[in-house]
Each structure stands twice: as C-alpha cells, then as structure tokens.
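Student: return atomic coordinates for the entry below.
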Amino acid sequence: MSYANDVPTTLDPALASALRMSVMRLGRRLRQQRTDDRLTPSQIAALTTLDRHGALTLAGLAAAEHVQPPSMVRISAALEDLGLVTRTPHPTDRRQVLFAVTPAGARLLTEDRKRRDAWLCQRLKGLTPEETEALRIAAPILDRLATER
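Tutor: Numbering: from 1, shown residues only. Reported below is the predicted structural model:
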C-alpha cells in the first residue's frame, strides 16, 4: 500500500490522520529547537546516519538515507566543507571513499540532541503519569512504523 486510496476500510482512517498530524506537529516543534541553521534537514539526517552507523561509502549513505547518489554527493560535500565529515580512502576498493563524522560533527549532533531532548522533557513534565506511560508504550510502536518499509 502506498497511496491513500489503497487503505483498507477495516483500518481506522481517523486514527491515521490524527497520528499523521500529531507526528508532523511534534516534528516541526522539535526542528524549531535547532539553533544552528547552517544545515538542511537532509544534511542533519546524513550526519546522524554516519554517527549511528560509522563510516559509509557514498552509495551506502545514499541507500541508508533513501536518496539518489547524486543528491548525496551534494549533501556530503556540504558537510565536508563545514568540517563535519571527513573523506578517507576505502581500505579495499580504491575507487571508493568512506565518509565519517568528525569530532566537530559529533559535538554538533550531541548539542542538538541535548537541546531538543530538554525541550521535550519540559513538555513531558506537564503530562499525567498515565499519559507518560502511554507514550512509553507508544514510542517503540511509532519507531517501528517509521522504520518498516
């Protein structure tokens, strides 16, 4: 299923719509907590992927981010120009290079995560214990929805 017309009528379209809107609003609010406006969302996503997975080839990074290699060329070049990633020769394939996060890139991500986590923690303080527990249960489910294909 890839289009709204393909949604079976046995599912709850109202729930799907409410979740979509809530997740979009929360994502927008979290993005607003970023103070470093040098990076695009695609650049931050690529930097985060390298931070999580370690050094990757351009093709590996493009596949992980679900973008075409030419797009990843531009993204990785911008990150390299900012000193947030390094490019090193591939150990076994001289035609390829590996991209990895620099200490400056890791610091940027750590500071960004701390700022957004602090904002979210402040919001969570206003919830009831039952609401907090509901979110604790929902978090892995939302993660699964976001990562399954």
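
Student: which residues of this protein score low on pLDDT?
Tutor: By pLDDT under 70, the weakly predicted segments of the chain are 1-10, 149.

Student: go again with 50.
Tutor: 1 (pLDDT under 50).

Student: show me which helix runs longest in it.
Tutor: helix 103-124 (DSSP state H).

Student: how far does that one sit from its chain's centre?
Tutor: 13 Å (Cα atoms, centre = their mean, to the nearest Å).

Student: now do the buried residues in that helix.
Tutor: In terms of neighbour count (16 or more other Cβ atoms under 10 Å), helix 103-124 has its buried residues at 105, 108-109, 112, 116. Using the backbone N, CA and C atoms, a C-beta is placed for each residue, glycine as well.

Student: give me the element the spatially closest residue to L127 that is not a sequence neighbour is part of.
Tutor: When the adjacent residues along the chain are set aside, L127 lies closest to L135, with 7.4 Å between them (Cβ to Cβ, 6 or more residues apart in numbering). L135 is located in helix 129-147, with elements delineated by DSSP states H and E.
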